[in-house]
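**Q** Below is the sequence, then the predicted model.
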Amino acid sequence: MTCRSSRPVWAEFFLERSLECFLTTLQSGPVKIIRVIFGWLVLVLWACSNTGSATALQPALARYEFTRIEMALPFRITLFAPNALVASNAATTAFDRIHQLNAILSDYDSDSELSRLSQSSGQGVEFRLSDDLWNVLSASQEISRNSDGAFDITVGPLVNLWRKARRDKKFPRPDLLADARSRVGYTNMVLNERNHTAKLLHPDMRLDVGGIGKGYALDAAMKVLRAHGITRALITGAGDMAVGEAPPDKGGWRVELAPLDAPGAPATQFVLLKNCGFATSGDLFQRLEIDGKRYSHIVDPRTGIGLTDHSLVSIIASDATTADALSKVVSVLGSGKGFPIVRQKGAEARAVRKPDDQIELNETPGFKRFYEWENKKSRSRN
């Protein structure tokens, strides 16, 4: 039997020498043999213990990676498993779970549960929700209340208007903006916790859970992996991540903080993450430029206008659902008003902004401890 423990090398050496002594003693009398056997067994149990608890022999874990397009973007699963069959089965089931959630949460699919709820708006209908849609809507409403509407999944009419603006490369017409804004407002969605129903009070409302749904799908996929016995895993979807236990013999998963694409922006940094959610929001890939002014795909639900202060926000939270939503809150509110909401949720944030010609970098107090260099300093001190 092989025992893997955190005992130092000298303990293993001691065991080897004890075994030699035991074999030599076999040539001695029976009483001495019994004494040595007893002492050697005690020594083995001591050396195999890990601060008082025995560590069972575990199969070697290998790294596996899987990618699949879901929700119109690539999702990647990186995991450690004892063999390829276990890894493949777990990853396939996790991807299937994301696919299932897309059929519920998509605002592109007119037959999705979310779209059917939107179609009931203004009709006085108490729409019965599945557990998944209820979870997403209730979490969204809580963030909306905490942010006073800076996060709002009823923003669909405005999102659609700005999608068309990016395609046409034209600023939305004022009358269309006014009409879209009239159909937006989280207080126009009423949730019934007892019956798990939702009622949309205003006609022609359109829900868009793009600011939270991806994070929820990542969390759901991680739950699937854990149900398959996979705990050391990282699931990514664009800039969002669900992070499991660290890879073997590592302090965490090494995650890059992408730099803001602006001269003088802070250099690329890395964080080490485990058992958390991570999200990044910004206008790096989706934006509209008109007369030299940059408009983000992230729309402020209160004004109806795409954000204009070039920014990149990173959130580390207890789960990907929370991280996803909070990244939008800080993008809209900025660090001054957004960070207190982040801290209220027990999360950490980093925001790099370029409102004019100056680069601004702000972090919540606890974000620093996740930096790779900070983790190295901590290990060297210990």
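**A** Great, that's in hand.

**Q** hey, let's count contacts and neighbours off CA atoms from now on
**A** OK.

**Q** contacting residues for the closest residue to residue 282 other than its chain neighbours?
**A** Distances taken as CA to CA, 6 or more residues apart in numbering put residue 312 closest to residue 282, at 4.5 Å, once the chain neighbours are dropped. Residue 312 is in contact with 259-260, 280-284, 331, 351-353, counting by CA atoms under 8 Å, 6 or more residues apart in numbering.

**Q** In the residues you listed, find the pair that's most separated.
**A** Using CA to CA, the pair of these lying farthest apart is 259 and 331, separated by 15.5 Å.

**Q** For this protein, give me the ranges with low pLDDT.
**A** 1-58, 262-264, 283-287, 292, 374-382 (pLDDT under 70).

**Q** Tell me how it divides into domains.
**A** Following automatic domain parsing, one gets these domains for the chain: 9-54, 108-200, 239-381.

**Q** ends of the second one, how far apart?
**A** Going back to what we said before, that points to domain 108-200. 19 Å (CA to CA, to the nearest Å).

**Q** circling back: which of the contacts of residue 312 has the most neighbours?
**A** Among the contacts of residue 312, the one with the most neighbours (other CA atoms under 10 Å) is residue 331, at 29 neighbours.

**Q** Got phi/psi on the closest residue in space to that one that isn't next to it in sequence?
**A** In space, and not counting its chain neighbours, residue 331 is closest to residue 313: 6.4 Å by CA to CA, 6+ apart. For residue 313, the backbone dihedrals (degrees, to the nearest 10) come out as phi -120, psi 130.

**Q** contacting residues for residue 313?
**A** Contacts of residue 313 (CA under 8 Å, 6+ apart): 280-282, 327, 330-331, 349-352.

**Q** before we move on, the earlier item: which SS state does the residue nearest to residue 282 fall under?
**A** For residue 312, the assignment made with DSSP: H, G, I helix; E, B strand; the rest coil gives strand.

**Q** Can you tell me how far it is from residue 354?
**A** Applying CA to CA to residue 312 and residue 354 gives a distance of 9 Å.

**Q** who are the neighbours in contact with residue 354?
**A** If you count contacts by CA under 8 Å, 6+ apart, then residue 354 has 262, 309-311, 360 around it.

**Q** Equivalent analysis for residue 79, please.
**A** 63-65, 87, 230, 232-234.

**Q** now with 7 Å?
**A** 63-65, 232-234 (CA atoms under 7 Å, 6 or more residues apart in numbering).

**Q** quick one on the thing from earlier: closest one to residue 75 out of the contacts of residue 354, please.
**A** residue 311 (24.0 Å).

**Q** The closest one is in contact with residue 353, isn't it?
**A** Yes - counting by CA atoms under 7 Å, residue 353 is a contact partner of residue 311 at 4.1 Å.

**Q** shared neighbours, these two?
**A** With CA under 7 Å, 6+ apart as the test, residue 311 and residue 353 reach no residue in common.

**Q** any idea how far residue 124 is from residue 197?
**A** 12 Å.

**Q** More neighbours: the two, which one.
**A** Shown here are residue 124 and residue 197; by other CA under 10 Å, residue 197 has more neighbours (18 against 13).

**Q** ok, the residue nearest to the more buried one when sequence neighbours are not counted - contacts?
**A** Leaving aside its chain neighbours, residue 197 sits nearest to residue 128 (4.4 Å; criterion: CA to CA, 6+ apart). Contacts for residue 128 (CA under 7 Å, 6+ apart) come out as 196-198.

**Q** How about residue 252?
**A** Counted by CA under 7 Å, 6+ apart, residue 252 has contacts 246, 272-274.

**Q** One more pass at 8 Å, please.
**A** Applying CA under 8 Å, 6+ apart, the residues contacting residue 252 are 245-246, 272-274.

**Q** Got the phi and psi for it?
**A** phi 170, psi 180.

**Q** One more: residue 175?
**A** Torsion angles, degrees, to the nearest 10, at residue 175: phi -70, psi -40.

**Q** Show the buried residues in the contacts of residue 79.
**A** 63-64, 232-234 (16 or more other CA atoms under 10 Å).

**Q** Please identify which of the residues you listed is nearest to residue 340.
**A** residue 234 (28.0 Å).

**Q** host element of that closest one?
**A** Following DSSP states H and E, one finds residue 234 within strand 233-237.

**Q** and if you look at residue 121?
**A** Short version, using DSSP H and E: residue 121 is in no helix or strand.

**Q** follow-up on the earlier one: would you mind identifying the next helix or strand past the strand holding residue 234?
**A** That would be, after strand 233-237 and using DSSP H and E, strand 240-243.

**Q** Packing partners of that following strand?
**A** helix 213-227, strand 233-237, strand 276-282, helix 320-344 (3 or more CA pairs under 8 Å, 6 or more residues apart in numbering; DSSP states H and E).

**Q** thinking again about what came up before, beta-bridge partners for the residue nearest to residue 282, please?
**A** Beta-bridge partners of residue 312, counted by DSSP bridges, are residue 282, residue 352.

**Q** separation between it and residue 214?
**A** 18 Å.

**Q** quick one, helices of this protein?
**A** 9-25, 30-48, 84-105, 113-119, 131-146, 156-168, 174-182, 213-227, 320-344, 372-381 (DSSP state H).

**Q** Distance to residue 295 added to these, as CSV?
**A** Shown next, in CSV, are the helices of the chain (distance: least, CA to CA, whole Å):
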stretch, distance to residue 295
helix 9-25, 59
helix 30-48, 60
helix 84-105, 26
helix 113-119, 27
helix 131-146, 22
helix 156-168, 9
helix 174-182, 15
helix 213-227, 22
helix 320-344, 12
helix 372-381, 33
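
**Q** Quick check: the residue nearest to residue 331 vs residue 225, distance?
**A** Taken as CA to CA, the span from residue 313 to residue 225 is 28 Å.
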